[in-house]
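K.L.:
mind looking at a prediction? Sequence and model below.
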Amino acid sequence: MSAAPKVLISDALSPAAVQIFKDRGIDVDFRPELGKDKDKLAEIIGDYDGLAIRSATKVTPAILARAERLRVIGRAGIGVDNVDIPVATARGVIVMNTPFGNSITTAEHAIALMFALAREIPAADASTQAGKWEKNRFMGVEITGKTLGIIGCGNIGSIVAERGVGLRMKVIAYDPFLSPERALDLGVEKVELDELLPRADFITLHTPLTDKTRNVLSEANLAKTKAGVRIINCARGGLVDEAALRRALDGGHVAGAAFDVFVEEPANANPLFGHPNVVCTPHLGAATSEAQENVALQVAEQMSEYLLRGAIQNAVNFPSITAEEAPKLKPFIALAEKLGSFAGQLTETGITSIAITYEGTVAGLKTKALTASAIAGVLRPMLADVNVVSAPAVAKERGIVVEETIREAEGDYDALMTLSVTTERQTRAISGTVFAGGKPRILSIKDINVDAEFAPSMIYVTNEDRPGFIGRFASALGEAGVNIATFALGRDAPGGSAIALVEVDGPVPPQVLEAVKALPGVKQVKALSFT
Ligand SMILES: NC(=O)c1ccc[n+]([C@@H]2O[C@H](COP(=O)([O-])OP(=O)(O)OC[C@H]3O[C@@H](n4cnc5c(N)ncnc54)[C@H](O)[C@@H]3O)[C@@H](O)[C@H]2O)c1
Ligand SMILES: O=C(O)[C@H](O)COP(=O)(O)O
């Protein structure tokens, strides 16, 4: 029996996660202090199959380089900007998050910060508790009837929008991906950024930090805002130019700012600190017991399902596969991998494209996962480290075009998969199916029908279809002491091109291949191996 998978929790997750892992039979180490100790994390990460994190753990290329066993990173929360996704993907590590578990809590924090700004609650609280009773110092603004401008109206932005509507605000939103129907449903007016900036009394940000959203509130855009605007950022540091915002606050154009997230975190110093109209919290957006319980339970379940059953949910670098789909996919993943491996082992020049056609029942499965497996199979003979997660990215990086076609069953088989690999010299196609019992089977090679199973040790021969070849071929193997286990033959036409696919017991010595190659009519000979 193989050893139980091992998971490291390197961030302050709810202990509920530990219990889930234990209940599922997974070994778990709860070391929340490691999120801040990258050297120690690098030292021990090589022992783990899974890593569960929040935002304190930075999963850098240096950490990933030491993570030899790592199969999955689970983010108990939404933002995965603390994980180097391309490097994780290239190393075949699934990265999953919990996209909804803390949305309500974070939206509530944005609303709480909006009220804190409108009524200067933190400053009034400090003054009152200092015994000052400054009743005339704090003059707030009403929320009702004000315009709330939302930048990024996804999960959290939408909840903020609903709350804003409930507070009798006029809600406008800038989000290129917000459909007019969804805006109507939410009671939100969809606007362009240049319209939102001068209209909003309160602006709240709810986009991820990307190259497009970085500094969305730049100096120039801050200058376009309405005088007296109040700005709330509960999404990510870097969406607002902090230094420019400080100048706008000092100059009085911006009336207040409430920030939960900062360019540098932990934010021990920041340009916004010390301004009387600034309210700050230390990245508390997701910090409620409800949200933390939600994300911890969810991430532990998702990681366990992947490590134990191969089910993939909420991965940011691989298509989802449910626990029900995983066993149905398994034999086709093996078929895709083996078809790819067949083509990959025969390929000697640069690959320009890989095309996969799915016919019949297999077309209804998660073909993206099958395609990824086929690509991994093609590339592995050349790049040993590639796996099903990293393969699509590796192919893209190498300029290999990947095409997927899905169609109804046309031939004799309920499910048929055909893989064509085009190189600088030729296109080679191979088809297969899965027989009862889950066994992958080859059905045709280069449009020639051949019926064979994949075996650990095989010899593939293409030759001219002439009398006497089979006898000479079998004798060559027999004389070299190579025992034939199964023998599959095919040809396109009498006297045309023929194929022999032979399963042998044990590895094939190179001199045997040479001897076969020297037989009359032989065009190509190759030893293949399928594990
Ligand atoms: N402060 C916290 O503790 C906390 C907690 C949870 C989430 N967050 C952060 O909140 C952010 C939003 O989370 P979500 O769950 O709503 O994500 P989401 O993916 O559901 O929504 C993001 C929205 O931003 C939109 N968007 C993308 N690029 C845009 C652009 N250039 N301009 C305008 N809109 C754009 C998208 O279309 C999408 O609708 C994430 O960055 C997340 O990490 C912070
Ligand atoms: O993206 C998120 O989910 C939030 O930023 C929460 O981060 P945290 O888990 O570190 O509180």
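P.N.:
Structure received. These numbers were taken from a predicted model, which means no experiment stands behind them. Ligands and ions are numbered 1, 2, ... in the order given.

K.L.:
any idea whether Thr486 is helix, strand or coil?
P.N.:
Applying DSSP: H, G, I helix; E, B strand; the rest coil to Thr486 yields a three-state assignment of strand.

K.L.:
going forward, count from 41.
P.N.:
With the count now opening at 41, the last piece we talked about shows up as Thr526.

K.L.:
isn't it right up against Asp491?
P.N.:
No. Under the contact definition of CB atoms under 8 Å, Thr526 does not touch Asp491, with a separation of 10.0 Å. C-beta here means a position set from N, CA and C on the backbone, and glycine is covered the same way.

K.L.:
which residues of the stretch 191-340 of the chain lie near ligand 1?
P.N.:
The interface of the stretch 191-340 of the chain toward ligand 1, taken as CB under 6 Å from any ligand atom, is made up of 191-197, 214-217, 246-248, 252-253, 274-276, 300-301, 323, 325-326.

K.L.:
just the buried residues from these, in PyMOL please.
P.N.:
To isolate the buried ones among these in PyMOL, judged by 16 or more other CB atoms under 10 Å, type:
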select buried, resi 191+192+193+194+195+196+197+214+215+246+247+253+274+275+276+300+301+323+325+326
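
K.L.:
quick one, helices of the stretch 441-571 of the chain?
P.N.:
Taking DSSP state H, counting those that start in this stretch to define them, one finds helices in the stretch 441-571 of the chain at 509-519, 550-557.

K.L.:
so who does the residue in the stretch 391-540 of the chain positioned nearest to ligand 1 touch?
P.N.:
In the stretch 391-540 of the chain, the residue that lies nearest ligand 1 is Lys408 (20.3 Å; CB to the nearest ligand atom). Going by CB atoms under 8 Å, 6 or more residues apart in numbering, Lys408 touches 359, 444.

K.L.:
quick check: mean pLDDT of the helix or strand hosting it?
P.N.:
Lys408 belongs to helix 407-419 when elements are defined using DSSP states H and E. In this model, helix 407-419 carries a mean pLDDT of 94.

K.L.:
next up, phi/psi of the most centrally placed residue in the chain, please.
P.N.:
The centre of the chain sits closest to Asn357, judged by CA atoms, centre = their mean, with a distance of 1.4 Å. The phi and psi values for Asn357, taken as degrees, to the nearest 10, are phi -130, psi 20.

K.L.:
hmm, it is touching Arg131, no?
P.N.:
No. Contact status for Asn357 versus Arg131: not in contact, 10.6 Å apart, counting by CB under 8 Å.

K.L.:
show me the residues of the stretch 191-340 of the chain next to ligand 1 that map onto helices.
P.N.:
Assigned to helices by DSSP state H, the following of those qualify: 195-197.

K.L.:
OK, contacts around the residue of the stretch 141-290 of the chain found nearest ligand 2?
P.N.:
Scanning the stretch 141-290 of the chain for proximity to ligand 2 using CB to the nearest ligand atom identifies Asn142 as nearest, at 5.3 Å. Neighbour list for Asn142: 117-118, 325-326, 328, 331-332, 334-335 [criterion: CB under 8 Å, 6+ apart].

K.L.:
ok and the residue in the stretch 391-540 of the chain nearest ligand 2?
P.N.:
Here the stretch 391-540 of the chain gets closest to ligand 2 at one residue, Val429, 22.2 Å apart by CB to the nearest ligand atom.

K.L.:
which SS class is the spatially closest residue to that residue that is not a sequence neighbour?
P.N.:
Using CB to CB, 6 or more residues apart in numbering and skipping the chain neighbours, the partner closest in space to Val429 is Gly132 (4.3 Å). At Gly132, secondary structure determined by three-state DSSP is coil.

K.L.:
list the buried residues in the helix or strand following the helix holding Lys408.
P.N.:
Helices and strands here follow DSSP H and E; after helix 407-419, the next one along the chain is helix 431-437. By neighbour count, with 16+ other CB under 10 Å as the criterion, the buried positions of helix 431-437 are 431-435.

K.L.:
and Thr250, what pLDDT?
P.N.:
As predicted, Thr250 sits at a pLDDT of 85.

K.L.:
can I assume it sits in a helix?
P.N.:
No. Residue assignment for Thr250, taken from three-state DSSP, gives coil, which places it outside any helix.

K.L.:
how about it, phi and psi?
P.N.:
With angles defined as degrees, to the nearest 10, Thr250 shows backbone torsions of phi -130, psi 180.

K.L.:
could you measure from it over to Val256?
P.N.:
Distance check for Thr250 against Val256: by CB to CB, to the nearest Å, it reads 10 Å.

K.L.:
please apply the same query to Gly132.
P.N.:
If you measure Gly132 against Val256 using CB to CB, the figure is 34 Å.

K.L.:
do the same with Ala107
P.N.:
On the measure of CB to CB, Ala107 and Val256 end up 34 Å apart.

K.L.:
mind listing what's buried along stretch 274-293?
P.N.:
Applying a neighbour-count criterion of 16+ other CB under 10 Å, one finds 274-282, 284-286, 288-289, 293 buried in stretch 274-293.

K.L.:
what is the end-to-end distance of that stretch?
P.N.:
Stretch 274-293 has its terminal residues 21 Å apart, counting by CA to CA, to the nearest Å.

K.L.:
repeat that for stretch 527-547.
P.N.:
16 Å.

K.L.:
what's across from Pro461 in the sheet?
P.N.:
One correction, residue 461 is Val, not Pro. Ile394, Arg468 (DSSP bridges).

K.L.:
my read is that Arg131 contacts Leu110, right?
P.N.:
Yes. With contacts counted by CB under 8 Å, Arg131 reaches Leu110, the gap being 7.5 Å.

K.L.:
identify the contacts common to those two.
P.N.:
With CB under 8 Å, 6+ apart applied, the overlap between the contact sets of Arg131 and Leu110 consists of Leu104.

K.L.:
quick one, which of these two is more surrounded?
P.N.:
More neighbours surround Leu110 than the other of Arg131 and Leu110, with 23 against 19 (other CB atoms under 10 Å).
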